[in-house]
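Student: build me a model:
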Amino acid sequence: MERVEDLLRHQVETRPEYPAFSDSTGLAWTYADLDRASLDLMARLEGAGVQTGDRVLILSENCCPKVAALFACYRMGAVAVPVNARQTRSEIERIQRHATPAAVLLTTSVSPDAQSHAEWFQAREISGRFGQMHLAETGVSDPDAPEEVAVLLYTTGTTGDPKGVMLTHGNLRFGGRTSAELRGMTPKDVIYGVLPTTHVFGLASVITAAVHVGAPVRLEARFTAAKLYEALRSGVTLLSAVPQMHALLMQYTKEQGFDRLQSDTLRYVSSGAAPLDPDWKARAEAFYGVAVQNGYGMTETTAGICATSYSIGVPDVSVGPPLPGVEVRLDEDVPGGGDGLGEVLARGANVMLGYYRNPDETAKVLEPEGWMRTGDMGRFDDQGLLHIEGRSKELIIHGGFNVFPPEVEAALNAHPQVVQAAVIGRRMKGDEEVLAFVQVADGDVPDAEELRAFVAGQLAGYKRPSHIVMAADLPAAPTGKILKHKLLEHFAERLDG
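Tutor: Sure thing, here's the model as predicted:
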């Protein structure tokens, strides 16, 4: 079985002194440094009683020691459980109870939240070639994870038991290789690593892809538009981000007195985790001066299912064709399906092994033939490009008509003062109403009535929001993805007022 650590071994054999990872604390590692750091940390984990098949909870934000922790787990056959340190104690406890880790590593050198959790876990400080971290021994060794599993990634949920997505070494290698090939990555690239490596996008499409080709990554623990602005003007060639990051960067640049980014090196920009709309895409391409590529995937498919590779100026906002080695089909026999619209199913080396210790939930999404049910609704156009209409579970049925939130969000996002929008449905007697939550830029802020008038010419009456809530920020995950399940609670007073 080919394993993720084999990618590191290849780089050490071929370019040991080539730059690999650097972070905000000033650490700057070559591939030989990463190799030594992971071996050192592996010895510490073995000394703490971690065995092959055990889980290691890694409470982290992006930094070099986090990468060493991942490769230490890979090398010793333990399963890495990366969790963003900014999660609350109750959220972490739920994951801990489910995963039963043998040890907990915390990236306290870059994360105040990790420092706080270290006190709770009564972790001790450790240091070595991997830098400085904290380590807690749980006294529990339960090596029941399948041998091929590399990581458990816990998906964001609203209620019920957490779901740990089992991604194998094969999944990560496939995701890393595919991402590198799609981007045309070489060792000469410089990658900006601000996407949390606790999320599949940052883990597979940034970290694993970089080690696959031997390219250096500048790791950033926390996103700020100012830091991203400076990085893109100082040698970065590849940027993978989510729409909120792009929007805030464009707003920051505007505040500096510029309409577009001035970069001599940036050659590739991608946006994931949310749909694009034509107006936003055109604005973003004018800002960056390069094409903005779109993609589609989920944790359970190692991020990738489809992706684009357009030239600048192409107005299409599909998610592109299926990635090489990935099959996609549509199931129209689902609520809201028909006439070419159906639930997206994917199959290939990208699909997870299953949900850890959760065969019932696994059976709901993984079919015997290997197809993964995504829960997303889509359609193919005449060119074989996939268009995502929305989540089947987020479908709003208003007045007997189907309303897919992305269409309404795209109409709102076209307003020049809208940073981003999120649309959900709320049940009311005998129907559902359409609610919109809009993050607006500073300055001449539009009111709700102005936005209603703005979208009136773009949307049929039944698609128009009955309520529009204006806000400076929307609740979001560390990836920047809007947490739609928290919108009603977060803005409850403004909706009921």
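
Student: show me what Leu341 is bridged to.
Tutor: Using DSSP bridges, the beta-bridge partners of Leu341 come out as Gly338.

Student: so it makes contact with Glu389?
Tutor: Yes. Using CB atoms under 8 Å as the test, Leu341 is close enough to Glu389 to be in contact (6.4 Å). Where you see a C-beta, it was placed from the backbone N, CA and C, and this is true even at glycine.

Student: joint contacts of those two?
Tutor: Shared contacts of Leu341 and Glu389 (CB atoms under 8 Å, 6 or more residues apart in numbering): 377-379.

Student: show me where the stretch 51-200 of the chain has helices.
Tutor: Along the stretch 51-200 of the chain, counting by DSSP state H, counting those that start in this stretch, helices occupy 64-76, 89-99, 112-121, 169-183, 200-202.

Student: show me this protein divided up by domain.
Tutor: Domain segmentation of the chain under automatic domain parsing yields 5-170, 223-392, 395-496.

Student: picking up where we left off before, let's see which of the shared contacts of Leu341 and Glu389 end up in strands.
Tutor: Among those, the residues falling in strands (DSSP state E) are 377-379.

Student: quick check, nearest of the residues you listed to Tyr31?
Tutor: Among those, Gly378 lies closest to Tyr31 (CB to CB), at 39.5 Å.

Student: that closest one: how many residues sit nearby?
Tutor: By other CB atoms under 10 Å, 24 other residues sit near Gly378.

Student: next: Gln51.
Tutor: 14.

Student: give the contact list for the residue lying closest to it once chain neighbours are set aside.
Tutor: Distance criterion CB to CB, 6 or more residues apart in numbering; nearest residue to Gln51, sequence neighbours excluded, is Pro143 at 4.8 Å. Shown in contact with Pro143 (CB under 8 Å, 6+ apart): 51-54.

Student: please apply the same query to Val67.
Tutor: Counting by CB under 8 Å, 6+ apart, Val67 makes contact with 21, 34, 197, 207, 219.

Student: could you redo the last one with a cut-off of 10 Å?
Tutor: Val67 sits next to 8, 20-21, 23, 29, 34, 37-38, 60, 130, 193, 197, 207, 210-211, 217, 219 when contact means CB atoms under 10 Å, 6 or more residues apart in numbering.

Student: that one and Pro475: what is the separation?
Tutor: Applying CB to CB, to the nearest Å, the value for Val67 to Pro475 is 29 Å.

Student: how about Val423, phi and psi?
Tutor: Main-chain torsions, Val423, degrees, to the nearest 10: phi -120, psi 130.

Student: that one contacts Leu435, doesn't it?
Tutor: Yes. Between Val423 and Leu435 there is a contact under CB atoms under 10 Å: 6.8 Å.

Student: between these two, which contacts overlap?
Tutor: Common contacts of Val423 and Leu435, defined by CB under 10 Å, 6+ apart, comprise 396, 405, 408, 465, 468, 487.

Student: burial of the first one, as a residue count?
Tutor: Read that as Ile396. Using other CB under 10 Å, Ile396 has 24 other residues around it.

Student: residues contacting it?
Tutor: By CB under 10 Å, 6+ apart, the residues touching Ile396 are 336, 390, 402-405, 408, 423-427, 431-435, 462-463.

Student: residue contacts, the closest residue to it other than its chain neighbours?
Tutor: In space, and not counting its chain neighbours, Ile396 is closest to Gly425: 3.5 Å by CB to CB, 6+ apart. Gly425 makes contacts with 394-398, 403, 405, 431-435, as judged by CB under 10 Å, 6+ apart.

Student: the one helix or strand Gly425 maps to pairs with which strands, and in what direction?
Tutor: Assigned by DSSP states H and E, Gly425 falls within strand 418-428. Sheet pairing for strand 418-428, assigned by DSSP bridges, gives strand 431-440 (antiparallel).

Student: quick check: longest helix of this protein.
Tutor: Counting residues, the longest helix in the chain under DSSP state H turns out to be helix 31-47.

Student: quick check: angle from that helix to helix 64-76?
Tutor: Here helix 31-47 points in a direction 70 degrees away from that of helix 64-76 (axes from the mean of the first three to the mean of the last three CA atoms, to 10 degrees).

Student: Ala303: which of the helices of the stretch 51-200 of the chain is closest?
Tutor: Closest to Ala303 of the helices of the stretch 51-200 of the chain, according to CB to CB: helix 200-202, at 4.7 Å.

Student: contacts for the helix or strand following the closest one next, please.
Tutor: Sequence order places helix 209-213 as the next helix or strand after helix 200-202, per DSSP H and E. Helix 209-213 is contacted by residues 4-8, 10-11, 20-21, 31, 34, 67, 70-71, 172-173, 175-191, 193, 203, 215-217, 238, 240 when judged by CB under 10 Å, 6+ apart.

Student: center of the protein - which residue?
Tutor: Nearest to the geometric centre of the chain sits Phe201, at 4.2 Å (CA atoms, centre = their mean).

Student: how close does that one sit to Gly272?
Tutor: To Gly272, Phe201 is 6 Å away according to CB to CB.
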